[in-house]
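[1] Just the structure for this:
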Amino acid sequence: MTTVPEPRPREGVQPAAAAVRSWRFGVTAPAFVPRILVNEERCAGCQECVIRCPTGALDLDPVAWKAVGSDALCVGCRQCERTCPFGAIEIAGPALVPPRVEVDHLVVDELLGSTAPTRRGFVYAEAMQEAERCVQCPDPTCVLGCPAHNDIPGFIAAIRDDDWDEAHAVLRRTSVMPDICSIVCDQSLQCEGACSWRLAGGEPVAIGMLERFVTEQRPVPDVHPAEPAPGVPRVAVVGSGPAGMAAAWELIENGARVTMFEREQATGGVLSWGIPEFTLPERAARRPMEALQRAGLELRTGTDVDEATLTRLRHEYDAVVLAQGASNPARLSVPGADAKGVEDATHFLRRAKLALAMGERRLDDLPAGTHVLVVGAGNTAMDVARSARRLGCAVTAVDWFDRRFASVRDDELEEAEHEGVCIRFNRVVDRFEVDDSGHVAAARLLHTRQRRAEATPKAVARSAVRLEAELVVLATGYRVGGPRPGDAATTLPVRAPAPKRSVPERTLLGSGLPAGSPRVSDLVRRRAYLERRAVEPVAASVWAAGDGLSGPSTVVGSMAQGLAAARSLLAAAEAARAAAAGVAAGVSWEGARAAAEGRASGRGWVRAAARSSWLPRLSVGVGLAVEITGVLLLAMTRDLFPAAILFGAGTGSALAGLYGWVGGWVSAQDS
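    Just a heads-up that it's a prediction; the model follows:
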């Protein structure tokens, strides 16, 4: 066992009377200072802990080839403990981290009709104090937790240096809407949930608030379109939500010509209709689309893209990105769900947002004091409930999950309850009661039990209660609509495999995240799988991202997939141009790209042949010439081996040309 020096109090740290006993090593250490405990029998001298320690508190004994620690430098972040592959290190004692800077939520003086924001950002002194809490981890788990993989230590370091341009430059590598994500992201389940301080049992760095602070110091940079170049792809993007805007942003900055198709008249998807202005200011929600239009995006609103339209777009454009949102609300399969007075969250949020934007304090069909029942207690349900409160309604929200496992942000829940929303967890709707006119009058609710987060809640028999309501809003989730390519290689939306049925990647295991937070680790693995799928085309010249790929997703997850799909598309375009440079002019971008992809069953050759009649003819001619050369060589030299090689190569070339010729003709007839 490594000798542990006597602890000494640190400046600003008050000694505690209690002591911490290591269950693994059987060592007792005072609780006011971290102690580094190294089991020499387990330590293999791999230096994993030395590399991961952000404060230089660990080193390697060059003689014993074992890790040694300096308690004087240790801050108790426990990165070494989580990442040691042999379980040879334990940190006893507290984490020496300053308290997190918390800001109070704004209190709305007059809730009725208000669109005033309810969350304020950091002031300068608060941001600088919070930025100092980041220990600049060498292998930051917060980056893994962020779906966009923002360089979080990088932009926090820029904050410390008062370099706002650099902070924006760091964020731009992975995000095109940091102002939006900093407000609407559930950081507690993403970057902050994977922060080293959170994994060590403390309060994480307020990453979301620091990102918001950056965007409040300098405007988010505009799109910087590249100069159009010969052969750049023409891309159709279906959907104007976060995934579509992110894909268009990346494509335009790399010189592509982009046309966006949106079914609604308003753009932005969920940013437009799904998030109230008191949460996300309208100016922030509109900013990305306005920037794209200034950069040359061709926008076509009021255009519904179905399967037939998608087929036409695939012929007119070099590539298509499917980024349509999950806009089809899920319905409850219970009696009375189709009664009058039962509507979906999308419809209610649209009309409530419009009424509040116009300064209305009531909806015509909702007199003051109307009782609204919101089915669901997720983030969308809280937006519905809080909007209804601003329209003078009494609101009750019910959810069948236990409060501990509900999929809602803690701050959303706190704000809703503060504003007078009554939230009842462990309740499920059994049926709706209707009056003589067919209008909903009440809901019959059953109690539920849920013991684990991954377990489905179970209804408790003979636990029914009746709850009267004049309006019921269903906020129980959404389903993806929109077109699907007929030749798709996979079924959309794709489903990530259950984490328990697959082995985590070595990089994830090495980060220590699974040991520190299995829940966040599972989310990271699911997101990584979906991001890999976003890189793969779902059909020839068709990519998918966001809700169109994975089903209902988050804003930041959709944005990350949109960027990944666009970069994959651009890489395919570059490969196609490189392939086209090796053949004579006349082969189109599409044909060269398909040939470069080299798809199984010869589809790449067929597509190229469909657009270039001389290519298969040349192949057949060259093949016959090589065959004749082989026969003449055999006749003159009587040497079978080189003649056989030439004859085989010529036969292969001739057959390939014949296959491309016939297949191209058939493909041309089909198109």
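[2] how about stretch 522-534: buried residues?
    Of the residues in stretch 522-534, those scored as buried under the neighbour-count criterion (16 or more other Cβ atoms under 10 Å) are 522, 523, 524, 525, 526, 527, 528, 529, 530, 531, 533, 534. Where you see a C-beta, it was placed from the backbone N, CA and C, and this is true even at glycine.
[3] ok now it, how far from the chain's centre?
    Offset of stretch 522-534 from its chain centre (Cα atoms, centre = their mean, to the nearest Å): 8 Å.
[4] Show me where the stretch 51-200 of the chain has its helices.
    In order along the chain, the stretch 51-200 of the chain carries the following helices (DSSP state H, counting those that start in this stretch): 79-83, 124-131, 141-145, 152-160, 164-172, 178-184, 196-199.
[5] Which among these is found nearest to residue 478?
    With respect to residue 478, and counting by Cβ to Cβ, the nearest of the helices of the stretch 51-200 of the chain is helix 178-184 at 16.1 Å.
[6] Was I right to think residue 527 contacts residue 146?
    No - between residue 527 and residue 146 there is no contact, the gap being 9.4 Å when judged by Cβ atoms under 8 Å.
[7] Quick one: the strands in the stretch 401-550 of the chain, in order.
    Secondary structure of the stretch 401-550 of the chain by DSSP state E, counting those that start in this stretch: the strands cover 422-424, 427-434, 440-449, 458-459, 465-468, 471-474, 478-479, 542-544.
[8] buried residues in the second one?
    By that I understand strand 427-434. Within strand 427-434, the residues that qualify as buried are 427, 428, 429, 430, 431, 432, 433, 434, counting by 16+ other Cβ under 10 Å.
[9] Please report the distance of residue 439 from residue 575.
    60 Å (Cβ to Cβ, to the nearest Å).
[10] Please apply the same query to residue 270.
    Per Cβ to Cβ, residue 270 is found 34 Å from residue 575.
[11] Of the two, give the one with the bigger neighbour count.
    Comparing residue 270 with residue 575 by neighbour count (other Cβ atoms under 10 Å), the higher total belongs to residue 270, at 26 against 15.
[12] Residue 130: which of the strands of the stretch 401-550 of the chain is closest?
    strand 422-424 (29.8 Å).
[13] hang on, the earlier thing: will you turn the helices of the stretch 51-200 of the chain into JSON lines that also has mean pLDDT, mean neighbour count and distance to residue 651?
    Listed next are the helices of the stretch 51-200 of the chain as JSON lines, based on pLDDT from 0 to 100; neighbours: other Cβ atoms under 10 Å; distance: least, Cβ to Cβ, whole Å:
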{"stretch": "helix 79-83", "mean pLDDT": "93", "mean neighbour count": "25", "distance to residue 651": "58"}
{"stretch": "helix 124-131", "mean pLDDT": "96", "mean neighbour count": "17", "distance to residue 651": "69"}
{"stretch": "helix 141-145", "mean pLDDT": "95", "mean neighbour count": "26", "distance to residue 651": "53"}
{"stretch": "helix 152-160", "mean pLDDT": "97", "mean neighbour count": "21", "distance to residue 651": "58"}
{"stretch": "helix 164-172", "mean pLDDT": "96", "mean neighbour count": "19", "distance to residue 651": "54"}
{"stretch": "helix 178-184", "mean pLDDT": "95", "mean neighbour count": "25", "distance to residue 651": "58"}
{"stretch": "helix 196-199", "mean pLDDT": "94", "mean neighbour count": "24", "distance to residue 651": "63"}
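[14] For residue 570, which of the ones you listed is the nearest?
    Minimum separation from residue 570 across those (Cβ to Cβ) falls at helix 164-172, 16.5 Å.
[15] neighbouring contacts of that closest one?
    Residues from elsewhere that reach helix 164-172 (Cβ atoms under 8 Å, 6 or more residues apart in numbering): 150-151, 154-155, 158-159, 178, 211, 214, 217-218, 220-221.
[16] try 6 Å this time
    The set of residues external to helix 164-172 that reach it, using Cβ atoms under 6 Å, 6 or more residues apart in numbering, is 151, 154, 155, 158, 159, 178, 214, 217, 218, 221.
[17] Dump those residues into CSV; add distance to residue 137 as well.
    Supplementary listing: the contacts of helix 164-172 in CSV, determined by distance: Cβ to Cβ, whole Å:
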residue, distance to residue 137
151, 12
154, 12
155, 14
158, 16
159, 16
178, 21
214, 19
217, 24
218, 26
221, 27
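[18] any idea which of the residues you listed is the one closest to residue 199?
    Checking the contacts of helix 164-172 against residue 199 with Cβ to Cβ, the nearest one is residue 151 at 19.0 Å.
[19] could you check the distance from the closest residue in space to the closest one that isn't next to it in sequence over to residue 161?
    Spatial nearest neighbour of residue 151, excluding adjacent residues (Cβ to Cβ, 6 or more residues apart in numbering): residue 170 at 5.1 Å. Counting by Cβ to Cβ, the gap between residue 170 and residue 161 amounts to 11 Å.
[20] And for the residue lying closest to residue 87 once chain neighbours are set aside, the neighbour number?
    What sits nearest to residue 87 in space, not counting adjacent residues and going by Cβ to Cβ, 6+ apart, is residue 42, at 6.1 Å. Using other Cβ under 10 Å as the criterion, residue 42 is surrounded by 14 other residues.
[21] For residue 42, what are phi and psi?
    In terms of degrees, to the nearest 10, the main-chain angles of residue 42 are phi -90, psi -30.
[22] before we move on, back to that, could the buried residues of stretch 522-534 be laid out in a markdown table, adding pLDDT and distance to residue 388?
    Conversion of those to a markdown table gives the following (pLDDT from 0 to 100; distance: Cβ to Cβ, whole Å):
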| residue | pLDDT | distance to residue 388 |
| --- | --- | --- |
| 522 | 89 | 34 |
| 523 | 88 | 30 |
| 524 | 90 | 35 |
| 525 | 89 | 37 |
| 526 | 89 | 32 |
| 527 | 88 | 32 |
| 528 | 88 | 38 |
| 529 | 88 | 37 |
| 530 | 89 | 33 |
| 531 | 88 | 36 |
| 533 | 89 | 37 |
| 534 | 91 | 36 |
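[23] how about these in TSV, adding distance to residue 348?
    Written out in TSV, the entries for those read as follows (distance: Cβ to Cβ, whole Å):
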residue	distance to residue 348
522	32
523	29
524	33
525	35
526	30
527	30
528	35
529	34
530	29
531	33
533	33
534	31
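[24] Now compare those and name the two farthest from each other.
    Considering Cβ to Cβ, no two members of the buried residues of stretch 522-534 lie farther apart than 522 and 534, which are separated by 19.1 Å.
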